[in-house]
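**Q** sharing a model that was predicted from the sequence below.
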Amino acid sequence: MLGEKPVLIFIICFFLIICSPVSSAGIPFTGNHTFDNLQELIADIPDESTYLTDYQQGINKTLSDVSSSLTLGKTALKASNASEAERQFSFVIQKSPSSVPAWKGLFVSLVLQEKYDELFNKTQERINLSPYDDWVWIERGRVEQEKNKIPESLQSFNKALALNSKNVFAHYYSAWSHQGLKQNQNAIKAFEKVKVLSPQYGGVDGNIGFLYLGMNEYEKALPYLENALVWYPDWAEARRSKAMILYHLGEKEEALAAFDEAISLNPEYSNTYLSKAEALRDMERYTEALVPVETGLSFEKNNTDLLMMKGDILMDLNRFDEAHGIFENVTTIYEMDPDRKNNVFNGLYSWWARGYSKEQLGETVEAKSTYSTALTELEPYMNSQSSGDQWHLKSKILTGLGEYLQAEVAEKKAQELGYNEQYYL
């Protein structure tokens, strides 16, 4: 299976572990800055329903008292009313610009509403008032990550660390920025610093294990993932990754059993089905490989990753007519997806696979036409930032068109950048 690796910055798994150690902010470190700030803000707000009733009446009152508005803002957060919290905290800041709780509350309320442009502007406003608060630079870096300004986010986290070298959040989020910049060794160093500052936060072991796995350093990855599973035995992704490592270390049957364990923890998690199918394909057990794919599709019938895997396995079995139908379905799903520009590879691959299926069926004219369409669809996405996977796909399309010299050039570029034929393994 071919595919571009997603930027991991935006698929961070946050573990809200109440028993985690105390961070530099005096609250349990969970790996989620917004969540931890929220818990700090609402810690003194009672749970009694009468108190929340009083709050509902209070929000209708004219804003006039800073102390009351601060309490109302916190209570609004506890009541999951982020827009009202924003209103109350904004009033407090207007009257008392130096109020740290109000600024933190405002930032939390904006994150909860996904108002990232406004949040970016507000962080700059706070920095202009007080550039020496490490927590503001962390907030700035987080919104820069959300806006995909990864180099800028790293600069912000480094500024936070210059102000407070023991700020666990700054180390934690800088690790994700390093990873987004493909600076994996620096990411590992930052995560290791988190382990030192918060040794009971086991989630970071998983993060380090994933990094080593992505670097194909399986022996280094395994102990980190095993330690993460001691803390979080139900972490399906960690179990899937452990299974992948076992497979690469030659423990293939143990790996298949580990995939089954991961599936039992989260039966709707498609990546585990994909990884098990990929392993069975690699073992040339193609008919068996269809089973996890079909199970995954029973949960998500339009999951294009699962459909592409099914199509690839059908081609392994020389069932090219069925495979063509699957890839045609992928193309249709892709073209109907309004967000397809954010995830183009499956659609582009499906065009090549349709052409290849037709070629194997002896329908050469339609195959050539489909290859031409595949190249036309691919070309707008080929630029200086193109991945090895994209160049490899272009090489395959050009080969189908008989453009062997151009295909060789594209394949050389793919090998220079690196690509993955077994994306889920």
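**A** Good, I have the coordinates. Numbering: from 1, shown residues only.

**Q** contacts, neighbours, all on C-alpha from now
**A** OK.

**Q** ranges for the helices of the stretch 201-350 of the chain?
**A** Ranges of helices in the stretch 201-350 of the chain, per DSSP state H, counting those that start in this stretch, are 203-214, 218-231, 236-248, 252-265, 270-282, 286-299, 304-316, 320-336, 345-360.

**Q** swap in the stretch 51-200 of the chain?
**A** 66-78, 82-95, 100-112, 116-129, 134-146, 150-163, 168-180, 184-197.

**Q** pick the most deeply packed of those.
**A** Neighbour counts (mean count of other CA atoms under 10 Å) averaged over each of those peak at helix 168-180, with a mean of 26.

**Q** can you count the residues close to Lys394?
**A** 26 (other CA atoms under 10 Å).

**Q** what secondary structure does it sit in?
**A** helix (DSSP: H, G, I helix; E, B strand; the rest coil).

**Q** how about it, what does it touch?
**A** Neighbouring residues of Lys394 by CA atoms under 8 Å, 6 or more residues apart in numbering: 375, 378, 407, 410-411.

**Q** coming back round to it: would you turn the helices of the stretch 201-350 of the chain into JSON lines with distance to Ser387?
**A** Shown next, in JSON lines, are the helices of the stretch 201-350 of the chain (distance: least, CA to CA, whole Å):
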{"stretch": "helix 203-214", "distance to Ser387": "16"}
{"stretch": "helix 218-231", "distance to Ser387": "23"}
{"stretch": "helix 236-248", "distance to Ser387": "23"}
{"stretch": "helix 252-265", "distance to Ser387": "29"}
{"stretch": "helix 270-282", "distance to Ser387": "21"}
{"stretch": "helix 286-299", "distance to Ser387": "26"}
{"stretch": "helix 304-316", "distance to Ser387": "18"}
{"stretch": "helix 320-336", "distance to Ser387": "20"}
{"stretch": "helix 345-360", "distance to Ser387": "11"}
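
**Q** so which of those comes closest to Tyr116?
**A** Among the helices of the stretch 201-350 of the chain, the nearest to Tyr116 by CA to CA is helix 203-214 (25.6 Å).

**Q** and that closest one, which residues are buried?
**A** Judged by neighbour count (16 or more other CA atoms under 10 Å), helix 203-214 contains these buried residues: 203-213.

**Q** thinking again about what came up before, mean pLDDT added to the helices of the stretch 51-200 of the chain, as TSV?
**A** As requested, the helices of the stretch 51-200 of the chain are arranged in TSV below (pLDDT from 0 to 100):
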stretch	mean pLDDT
helix 66-78	86
helix 82-95	92
helix 100-112	91
helix 116-129	94
helix 134-146	92
helix 150-163	96
helix 168-180	93
helix 184-197	95
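
**Q** compare the helices of the stretch 201-350 of the chain and give me the one nearest Phe157.
**A** Of all the helices of the stretch 201-350 of the chain, it is helix 203-214 that lies closest to Phe157, at 17.7 Å by CA to CA.

**Q** and that closest one, how far out from the chain middle?
**A** Relative to its parent chain, helix 203-214 has a centroid offset of 13 Å by CA atoms, centre = their mean, to the nearest Å.

**Q** just the mean pLDDT for that helix, thanks.
**A** Average pLDDT, helix 203-214: 93.

**Q** tell me which other helices or strands it touches.
**A** Counting contacts by 3 or more CA pairs under 8 Å, 6 or more residues apart in numbering; DSSP states H and E, helix 203-214 is packed against helix 184-197, helix 218-231, helix 236-248.

**Q** I'd like those helices as a markdown table, with distance to Trp137 appended.
**A** Converted to a markdown table, those look like this (distance: least, CA to CA, whole Å):
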| stretch | distance to Trp137 |
| --- | --- |
| helix 184-197 | 17 |
| helix 218-231 | 29 |
| helix 236-248 | 31 |
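
**Q** how far away is Ser165 from Gln155?
**A** Taking CA to CA, to the nearest Å as the criterion, Ser165 is separated from Gln155 by 14 Å.

**Q** can you check Arg87 too?
**A** For Arg87 relative to Gln155 (CA to CA), the value is 31 Å.

**Q** now Asn81
**A** As judged by CA to CA, Asn81 and Gln155 stand 33 Å apart.

**Q** what do you get for Val293?
**A** In terms of CA to CA, Val293 sits 43 Å off from Gln155.

**Q** swap in Ala279?
**A** As defined by CA to CA, Ala279 lies at a distance of 40 Å from Gln155.

**Q** compare the helices of the stretch 51-200 of the chain and give me the one nearest Tyr349.
**A** The nearest among the helices of the stretch 51-200 of the chain, by CA to CA, is helix 168-180 at 24.4 Å.

**Q** show me what the closest one is packed against.
**A** On a contact count with 3+ CA pairs under 8 Å, 6+ apart, helix 168-180 meets helix 134-146, helix 150-163, helix 184-197.

**Q** what angle sits between that helix and helix 134-146?
**A** Here the directions of helix 168-180 and helix 134-146 differ by 20 degrees (axes from the mean of the first three to the mean of the last three CA atoms, to 10 degrees).

**Q** now the angle from helix 168-180 to helix 150-163?
**A** Angle of helix 168-180 versus helix 150-163, following the same axes, to 10 degrees, is 150 degrees.

**Q** please save the CA atoms from helix 168-180 in CSV.
**A** Extracted as CSV, the C-alpha positions of helix 168-180 are listed here (Å, rounded to 0.1, in the frame of the first residue of the first chain):
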residue,chain,number,x,y,z
VAL,A,168,7.2,20.5,30.7
PHE,A,169,4.7,21.7,28.1
ALA,A,170,7.4,23.6,26.2
HIS,A,171,9.5,20.5,25.9
TYR,A,172,6.5,18.4,25.1
TYR,A,173,5.1,20.6,22.3
SER,A,174,8.6,21.4,20.9
ALA,A,175,9.0,17.6,20.4
TRP,A,176,6.0,17.6,18.1
SER,A,177,7.3,20.6,16.2
HIS,A,178,10.7,18.9,15.8
GLN,A,179,8.8,15.9,14.5
GLY,A,180,6.9,18.0,12.0
